[in-house]
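K.L.:
Structure of the sequence below:
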Amino acid sequence: MGTEEAPALTLIAENARYTRAVSVFPSLTPVCVSSIMTGAYPDAHRIPHLVWYHREQKRLVEYGSSFGAIRAAGMRQSILDAILNMSGEHLSQESSTVFERLEDAGLVTAAVNITCYRGRTRHRSTIPGVTRSALGPKRFFFYNLFESDQTGAPRAWTNRSGGTIDDYAAGVGRWLVTRDGFDFFVFYLSDYDYLSHAHGPDSPREGIARVDRALWSLVEAAGGPDEFLDRYAVLLCSDHGQTPVRHGATLQKHFRSVDGALVTASNRAGMVYRLDDCRLDVPELAARLDREPAADLVAYLDGEDIVLRRQGEEVRNGSLDGYPEARPRLAAALRNPNAGDVLVSAAPGYEFADLGGRHHAGGGSHGSLVAGDSEVPVLLAGVEGEPRSITDFASVVLSHFGV
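P.N.:
Numbering: from 1, shown residues only. Okay, the predicted model is just below:
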């Protein structure tokens, strides 16, 4: 802040209120963005993790933990799940998105690159031969795969490590702002998360500079700082944090001899499903992780009660310092009908290997209940409200528009 690297962030901060909000659990992007766009916790919107077991269809759903994980789960199905099915089928119909509610009120919504995008307008893919359409906001841009308008933005996937994803978003945003083409716009920038995974959360200053360049493109398109702030209210946030990863761990090894136990793990959160043919009950499955150093907190439901274990001992009622809003976040995660029967939050410094055996040791990751993974910065310029959770962002936006 206050440097030549970050003029846009500095501009917004100087004209905004700063606060912090708590993410959901697991603090993984599909769960988080679904909570942001619906204002609901995972028990309501039904997205449980980056990778999960679809009980009705008896198959794995993998949204993109890594290329190796996508290959392990099935390339074609994983691509369909990430691009179309998450927002179109897996997201509960009972949880309306901000796009739907604002469009129902007659407002024009827009979004670039966010994976929870369900709206009221049907869009055909730009890819020849792809017949499935998607319901999104009126002005909808998703990594060149869906484009409601011809903007002249550069191609998104040319060089991910070089920042072309956010360059594409910036091109779209510039086009939209130049035309004042929306009432509400979700401007989603993911390159910083990518760099932080690779290099650790404290190292990629270039990632912040990229974010700022993308934001500054909107400021310039509006005609300058005064015009931008006069025209638009801004809610700037993250969907989760990141913490350093030093070790990778494999949860699956504890259940290889257990028929009917299925592990889905990625980043810093894992789940264990008890399938119909499993002879062990849920507490017995949880107990298998008692001596796993990577498993910081292990949780399951006993009726309506949450049972929480750490290092083989039950954690009774009381505060969990360093784990913001741990119990209500766990309750919402466990009561998601698509979640596993046992949920696992990783210990500091650890990450769980995904289906392809990949992890980010030496870099950064997120997903756990710890504060570093779970607390996010928030700047509000021209927006009323005091969001305490990322689930509050939707109501802040709706209230701003009088909806």
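
K.L.:
How many residues are close by His360?
P.N.:
23 (other C-beta atoms under 10 Å). (Each C-beta comes from the backbone N, C-alpha and C, glycine too.)

K.L.:
how about it, what does it touch?
P.N.:
With contacts defined as C-beta atoms under 8 Å, 6 or more residues apart in numbering, the neighbours of His360 are His197, Ala198, Val245, Gly248, Asn267, Glu351.

K.L.:
Looking at those residues, which one is closest to Ile306?
P.N.:
Using C-beta to C-beta, Asn267 comes nearest to Ile306 of the contacts of His360, at 22.0 Å.

K.L.:
coming back round to it: filter the contacts of His360 down to the ones in strands?
P.N.:
Using DSSP state E, the subset of the contacts of His360 located in strands is Val245, Gly248, Glu351.

K.L.:
Now the second one: closest residue in space, sequence neighbours ignored.
P.N.:
Setting aside the residues directly before and after it, Gly248 is nearest to His359 in space (C-beta to C-beta, 6 or more residues apart in numbering), at 3.5 Å.

K.L.:
Tell me how far the one you found lies from Gly367.
P.N.:
12 Å (C-beta to C-beta, to the nearest Å).

K.L.:
Which one's more surrounded, the two?
P.N.:
Gly367 (31 against 24).

K.L.:
ok, the more buried one touching Met271?
P.N.:
No. Between Gly367 and Met271 there is no contact under C-beta atoms under 8 Å: 10.8 Å.

K.L.:
starting at the chain centroid, how far to the lowest-mean-pLDDT helix or strand in the chain?
P.N.:
None of the helices or strands of the chain scores lower by mean pLDDT, DSSP states H and E than strand 313-314, at a mean of 89. In terms of C-alpha atoms, centre = their mean, to the nearest Å, the centre of strand 313-314 is set 30 Å apart from its chain centre.

K.L.:
which other residues reach it?
P.N.:
Val307, Leu308.

K.L.:
who are the neighbours in contact with Arg71?
P.N.:
Arg71 touches Gly356, counting by C-beta under 8 Å, 6+ apart.

K.L.:
How many residues are close by Met75?
P.N.:
Neighbours of Met75 (other C-beta under 10 Å): 12.

K.L.:
what's the spacing between it and Phe184?
P.N.:
Counting by C-beta to C-beta, the gap from Met75 to Phe184 is 34 Å.

K.L.:
cool, Arg139 as well?
P.N.:
The value you get for Arg139 to Phe184, if C-beta to C-beta is used, is 10 Å.

K.L.:
More neighbours: which of the two?
P.N.:
Between Arg139 and Phe184, Arg139 has the larger neighbour count (other C-beta under 10 Å), namely 24 against 20.

K.L.:
where's the residue lying closest to the more buried one once chain neighbours are set aside, which helix or strand?
P.N.:
Nearest non-adjacent residue to Arg139, counting by C-beta to C-beta, 6+ apart: Ala110, 3.7 Å away. Here Ala110, judged by DSSP states H and E, is contained in strand 109-112.

K.L.:
just Leu343 next, same as before
P.N.:
strand 342-346.

K.L.:
next one: Gly64
P.N.:
With DSSP H and E as the criterion, Gly64 is inside neither a helix nor a strand.

K.L.:
List the residues that contact Arg268.
P.N.:
Counted by C-beta under 8 Å, 6+ apart, Arg268 has contacts 26-27, 243, 245, 345-346, 350-352, 365-368, 373.

K.L.:
go with 7 Å
P.N.:
Ala346, Glu351, Phe352, Ser365, His366, Gly367, Ser368, Asp373 (C-beta atoms under 7 Å, 6 or more residues apart in numbering).

K.L.:
okay if I get these as a markdown table plus distance to Glu100 and pLDDT?
P.N.:
Shown next, in a markdown table, are the contacts of Arg268 (distance: C-beta to C-beta, whole Å; pLDDT from 0 to 100):
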| residue | distance to Glu100 | pLDDT |
| --- | --- | --- |
| Ala346 | 34 | 98 |
| Glu351 | 35 | 98 |
| Phe352 | 34 | 98 |
| Ser365 | 32 | 97 |
| His366 | 28 | 98 |
| Gly367 | 28 | 98 |
| Ser368 | 31 | 98 |
| Asp373 | 29 | 97 |
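
K.L.:
neighbours of the residue nearest to Ala361 when sequence neighbours are not counted, just the number please.
P.N.:
Among residues not flanking Ala361 along the chain, Gly248 sits closest, at 4.7 Å (C-beta to C-beta, 6+ apart). By other C-beta under 10 Å, 18 other residues sit near Gly248.
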